Structure formats: structure tokens, C-alpha cells
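# Give me a model of this one.
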Amino acid sequence: MSSFSNDFQNNLHDLMCWRRDVRRFRTDPVDEALLAQCLTSFTLAPSVGLSEPWRIIRLESPRARATALENYQTENARALAGYDGEKAALYSTLKLSGMQDAPVQMAVFCDESTAKGAGLGAATMPEMRRYSVVAAITQFWLMTRAHGLGMGWVSILDPLALTRDLNIPECWSLVAYLCIGWPETSSDTPELETSGWEIRRDSLPIETR
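Next up, the predicted model:
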């Protein structure tokens with residue numbers, strides 16, 4: 001395969017720079033055709049043994065969304081209690097979820113028992129199925145950003161409780177809760193860096209053996 005042009009390479013770099021974990025959404029609806037186009041990125045994603053273990057649940061009913069939001073609020077309060085002093089004060093000001101505003105919300109699971117792929121590459125490292133789901137989500141993240149959408153990955157959740165409450169098969173493990181919609185603002189700087197929670201490294205630590 002021939003290499004891509006310099007313009008494409010630069011645009012890809014810009015896309016990765018401007019990919020953010022979005023938590024502040026406008027409530028405008030997302031066109032279903034656009035969402036479907038972005039979701040095709042899952043079909044292009046790599047997976048161990050070609051197992052394609054991702055399973056997507058779209059939360060649309062008020063009851064399902066309220067269940068997920070309550071789960072987040074409970075775990076967020078527990079997380080806050082784990083900090084003290086200045087860190088606790090700062091944590092309490094952070095907006096860590098767009099679940100109350102994002103028009104599209106999806107829970108992405110890994111089917112740990114899938115027969116697809118016949119276990120190739122997962123016998124010694126079964127977690128590779130979950131890594132495959134993460135790779136697919138990353139491609140989806142970039143695809144949504146390329147179309148001007150924002151995506152937020154909510155991880156402050158009790159995965160077992162959410163799996164139970166949404167009546168999900170026990171052999172599926174929660175990998176991500178995704179909020180998707182039109183972002184209020186765009187920035188190439190992580191919000192956690194702007195808020196003073198953490199700063200991004202300016203170099204890549206690589207060791208040799």
C-alpha cells in the first residue's frame with residue numbers, strides 16, 4: 001500500500017490532537033444517519049482472532065438512563081470520599097460526566113464467551129478481547145470527532161451493578177459507557193489539565209532492555 005500524503009498525515013495528527021473526552025454537550029439531536037456512519041468504525045476495528053467481541057447497548061428509555069445516572073452519582077460520591085484536602089475540593093468542582101445532557105448514550109460490552117475467532121490469541125491472554133473492544137472504541141472516538149461530534153467515556157461506574165440493572169448477559173463485561181453529542185466548545189487541551197487536576201507529559205518514557 002502506498003503511503004498517505006503529507007496533508008493526510010498532518011490532518012490525522014490534528015484529529016488526534018483535537019480528540020477530547022467531552023463532558024459538556026449541547027442537547028441538539030444527532031442525525032441517525034451520521035451516527036450510523038460513525039459506528040461503521042467498529043466494523044473496521046482490529047480484534048484478537050477476528051473475534052469482534054464488542055456488544056453495544058443503546059440507552060434511550062428514561063428508566064435505563066436514570067439507572068445509569070444513579071449508578072454514576074453513587075460511585076462519584078464514593079470516589080470523592082476517597083480524597084481529602086485540596087484534591088477533594090478540586091474533585092468536587094470537576095464535571096466528570098455528560099450523562100444528563102448527551103443525546104446519545106451507549107454502553108459497550110465485551111462478550112467474554114464469544115465463539116467467534118475460536119479463541120485464537122485469547123487462550124493465554126483472555127483480556128485481549130477487552131483490549132480489542134478498546135481499540136474499536138478509539139476508532140469510533142476519532143470518527144465522531146472527525147464529523148464534529150464529541151464523545152465522553154464515563155468510567156466512574158459500578159460495572160457489575162450496571163450489567164445487572166440493564167439485564168445484560170453475565171458473560172458480557174462492561175468496557176465503556178459513552179456519551180455522544182455536539183460539544184459545547186472545542187479545545188486541544190484536556191479539561192483535566194485546564195482545571196489543574198493533572199498535566200500531560202511532554203515526552204514519551206521509553207525504556208530499553
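# Please make it C-alpha for all contacts and neighbour counts, starting now.
Noted.
# Could you give the average pLDDT over the lengthiest strand in the chain?
For the chain, the strand that runs over the most residues, judged by DSSP state E, is strand 172-181. Strand 172-181 carries an average pLDDT of 98.
# and if you look at stretch 117-124?
Averaging pLDDT along stretch 117-124 yields 96.
# Show me what secondary structure element comes after the longest strand of the chain.
helix 191-194 (DSSP states H and E).
# for that following helix, packing partners?
Here helix 191-194 touches no other helix or strand, going by 3 or more CA pairs under 8 Å, 6 or more residues apart in numbering; DSSP states H and E.
# Distance from that helix to the middle of the chain?
Centre-to-centre, helix 191-194 and its host chain are 17 Å apart (CA atoms, centre = their mean, to the nearest Å).
# and what of stretch 102-122?
Chain-centre distance of stretch 102-122: 14 Å, with CA atoms, centre = their mean.
# I'd like the distance between the residue nearest in space to the middle of the chain and G119.
The residue lying closest to the centre of the chain (CA atoms, centre = their mean) is W153, at 3.5 Å. Counting by CA to CA, to the nearest Å, the gap from W153 to G119 is 28 Å.
# Then R63?
Distance from R63 to G119, by CA to CA: 36 Å.
# Likewise for V154?
According to CA to CA, V154 stands 29 Å off from G119.
# contacting residues for V48?
Going by CA atoms under 8 Å, 6 or more residues apart in numbering, V48 touches 117, 120-122, 128-129, 132.
# Filter those residues down to the buried ones, PyMOL style.
To isolate in PyMOL the members of these that are buried, counting by 16 or more other CA atoms under 10 Å, one can use:
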select buried, resi 121+122+128+129+132
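# circling back to that earlier point, what about R63 and G119, which has more around it?
G119 (18 against 11; other CA atoms under 10 Å).
# That one touches G49, doesn't it?
Yes. Here G119 reaches G49: they are 6.7 Å apart, a contact under CA atoms under 8 Å.
# So in terms of bridging, what pairs with M106?
Beta-bridge pairing for M106 (DSSP bridges): R58, L178.
# list the contacts for it?
With CA under 8 Å, 6+ apart, M106 has these contacts: 56-59, 177-179.
# where do the strands sit along the chain?
54-58, 104-111, 150-154, 172-181.
# Same list (those strands) but as CSV, adding distance to A33.
Below are the strands of the chain laid out as CSV (distance: least, CA to CA, whole Å):
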stretch, distance to A33
strand 54-58, 15
strand 104-111, 13
strand 150-154, 16
strand 172-181, 14
